[in-house]
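> structure here, sequence nowhere to be found:
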């Protein structure tokens, strides 16, 4: 199974990593940090080369479901771990070919950006990162039949969708739909929590909601957003927040809107507060999301829409 292979390779790379290391991995052509080595450092060039080979194997395994996954020329780089949109250039590099109101808050800025300004490379890599971590979570959680069903749908799409940018999005949409139809509410929460632990630690701290949506906007999942202050229920330790999103990259499928990447990012940033349900409705050309958030460990009656949410009219 792909998920099993990805789990083993990620664990191997993590076993090589050291927080105090001076060496990291980067693509020499694009400057991108390759998944799953993002954020990892290594004690020596030799160890980093081993991690580079394992990273290349990881991406090859992930490419089984999407043959258009970008090929990276992974190299070992010595120095500060700073992401750069420019190709890596260094003489220290060795190539490795191998409260209480529903009002809208103006303090939560509306951020404008058109689709023409979206970094499609960043969005594609984000889609692959989500897919890879979810495959790993399915494997670790014992959902082999679900993993197989998702893989079968991926193969079908890869044979019919030509444009690589569109394929990345269609694959993520199909994953969200297949999981929503096959996992129970409890199983969904298990997979999301497991997958979130495999993503890099958030680089920013603060309000989890704001960090989540800023992060998703930066990777190109949508163009702009604005959120309400929300309402809280101290008795049930839950709160409700409405977020209006424009230029959402994912499209409706079978009467539902894929929400998997948003829920997963909320789990990554949420800490003690995680989503319990998501509702969506169209508003003009935008989508209005209602997020019900709960304190981790608190049982809730409604636990739908975390993978794909029915579209209210």
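Everything's here; your move. Computed from a prediction, not measured in an experiment: that's the story for all the values here. Numbering: from 1, shown residues only.
> only C-alpha atoms from now on, for both contacts and neighbour counts.
OK.
> so where do the strands sit in the stretch 201-313 of the chain?
Here the stretch 201-313 of the chain has its strands, by DSSP state E, counting those that start in this stretch, at 224-227, 231-233, 238-246, 256-258, 273-283, 286-295, 308-310.
> least reliable of those by average pLDDT, please.
Mean pLDDT values for the strands of the stretch 201-313 of the chain show the minimum at strand 231-233, a mean of 79.
> give the pairing partners of that strand; include direction for each.
Using DSSP bridges, strand 231-233 pairs in its sheet with strand 238-246 (antiparallel).
> and the angle from the strand it pairs with to strand 286-295?
160 degrees (axes from the mean of the first three to the mean of the last three Cα atoms, to 10 degrees).
> need the residues that contact strand 238-246.
Residues from elsewhere that reach strand 238-246, judged by Cα atoms under 8 Å, 6 or more residues apart in numbering: 222-233, 285-295.
> residue contacts, residue 17?
For residue 17, counting by Cα under 8 Å, 6+ apart, the contacting residues are 40, 41, 42, 43.
> quick check: of those residues, which lies closest to residue 122?
When the contacts of residue 17 are compared for distance to residue 122 (Cα to Cα), residue 40 wins out at 18.8 Å.
> so that closest one, which of the three states?
Using DSSP: H, G, I helix; E, B strand; the rest coil, the three-state assignment for residue 40 comes out as coil.
> give me the phi and psi for the nearest residue to it once chain neighbours are set aside.
With Cα to Cα, 6 or more residues apart in numbering as the measure, residue 17 is the residue that lies nearest to residue 40, at 5.8 Å, once sequence neighbours are left out. When quoted as degrees, to the nearest 10, the phi and psi of residue 17 stand at phi -80, psi 150.
> now the buried members of the contacts of strand 238-246.
Of the members of those, the ones counted as buried by neighbours, 16 or more other Cα atoms under 10 Å, are 222-232, 287-295.
> what about the stretch 1-150 of the chain, any weak spots by pLDDT?
Per-residue confidence for the stretch 1-150 of the chain (pLDDT under 70) gives these ranges: 1-4, 65-68, 80-119.
> 80 instead, please
1-7, 61-70, 79-121 (pLDDT under 80).
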